[in-house]
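J.: Got a predicted model here, sequence first, then my questions.
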Protein chains: 2
Amino acid sequence: MNFYKIEELDFKSPVSGIKMRLLHGQGMSMIFFTLDKDAPIPEHSHPHEQIGTVVSGAIRLSIGDQTEIVQPGQAYHVPPNVVHGGVSLKPDTKIIEAFSPCRNDLK
Amino acid sequence: MNFYKIEELDFKSPVSGIKMRLLHGQGMSMIFFTLDKDAPIPEHSHPHEQIGTVVSGAIRLSIGDQTEIVQPGQAYHVPPNVVHGGVSLKPDTKIIEAFSPCRNDLK
């Protein structure tokens, strides 16, 4: 199957206030996030490279030693193993992130 | 630099009515598409795996022998080397697609 409804994808809530729907390919994943206002994105890192964008709402995001507020119209890149984290600044913030390789750790 | 404004990313228009903004990482790319109504997505394939989603508007998309109308809330996966193509069904349709490995052919 090549077509999916996001609301029917695998669901996880890694921390309170953050919901994920996960679409895994062979060598990559896309994750659709919904964040409550003030939901913390704990600092973490992983060997997967990551590119993301904010579809609605806003987050304050730190990637390594850089921190910015990311809103719709903006995107970000997290190189492998670089620590990143932040906080959701608005209710019902929606983020789309892609990862390479596949996030088998989240299956 | 890890943060980007999408409107400042590299720009390409692969066919009439389709505009792309490209964000390349090391082993992956994310492309932000804007499609006019009726813009054709010519049938094509590439060795890169692809996951995409429609943010606004709609497309009719064929992936291999499957065809569906894809709208916000839906996503799709294109395995490597599988032929895909379609057409934009609404004005100002916005799509986000991620690719692995990096789309060096679009640099």
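T.: Ah, there it is. Computed from a prediction, not measured in an experiment: that's the story for all the values here.
J.: Which residue, other than its chain neighbours, is closest to the residue of chain A at minimum distance from chain B?
T.: Of the residues in chain A, the one nearest chain B is A:Ala98, at a distance of 3.3 Å by Cβ to the nearest Cβ. Just so you know, the C-beta spots here come from the backbone N, C-alpha and C atoms, and that holds for glycine as well. The shortest distance from A:Ala98 to any residue other than its chain neighbours is 3.3 Å, reached at B:Ala98 (Cβ to Cβ, 6 or more residues apart in numbering or on different chains).
J.: give the contact list for the residue most central in space within chain A.
T.: The residue at the geometric middle of chain A, judged as the C-alpha nearest the mean C-alpha position with Cα atoms, centre = their mean, is A:Glu97 (4.6 Å). Under the criterion of Cβ atoms under 8 Å, 6 or more residues apart in numbering or on different chains, the neighbours of A:Glu97 are A:Met30, A:Ile31, A:Phe33, A:Gln50, A:Ile51, A:Gly52, A:Thr53.
J.: Most neighbours of all those residues, which one?
T.: Highest neighbour count within the contacts of A:Glu97: A:Met30, with 29 neighbours (other Cβ atoms under 10 Å in any protein chain shown).
J.: What strand or helix carries that one?
T.: With the criterion set as DSSP states H and E, the secondary-structure element containing A:Met30 is strand A:29-35.
J.: Now do whichever helix or strand comes after that strand: distance to the chain's middle.
T.: Once strand A:29-35 ends, the next helix or strand along the chain (criterion: DSSP H and E) is strand A:40-44. Counting by Cα atoms, centre = their mean, to the nearest Å, strand A:40-44 is centred 11 Å from the centre of its parent chain.
J.: Can you mark which positions in strand A:40-44 are buried?
T.: A:Ile41 (16 or more other Cβ atoms under 10 Å in any protein chain shown).
J.: Now do the strand or helix carrying A:Leu23 against strand A:40-44, angle only.
T.: Secondary structure assigned from DSSP H and E places A:Leu23 in strand A:18-24. Following axes from the mean of the first three to the mean of the last three Cα atoms, to 10 degrees, one obtains 60 degrees for the angle between strand A:18-24 and strand A:40-44.
J.: chain center to strand A:18-24, what's the gap?
T.: 8 Å.
J.: Could you list every helix and strand that that strand packs against?
T.: Packing contacts for strand A:18-24, counted by 3 or more Cβ pairs under 8 Å, 6 or more residues apart in numbering or on different chains; DSSP states H and E, involve strand A:10-12, strand A:29-35.
J.: between it and strand A:29-35, how many degrees?
T.: Relative orientation of strand A:18-24 with respect to strand A:29-35: 160 degrees, computed using the same axes, to 10 degrees.
J.: Any idea what the nearest residue to the residue nearest to the centre of chain A once chain neighbours are set aside is bridged to?
T.: Take A:Glu97 and drop its neighbours on the chain: the residue closest to it by Cβ to Cβ, 6+ apart is A:Gly52, 3.7 Å away. The partner list for A:Gly52 in beta bridges (DSSP bridges) reads A:Tyr76, A:Glu97.
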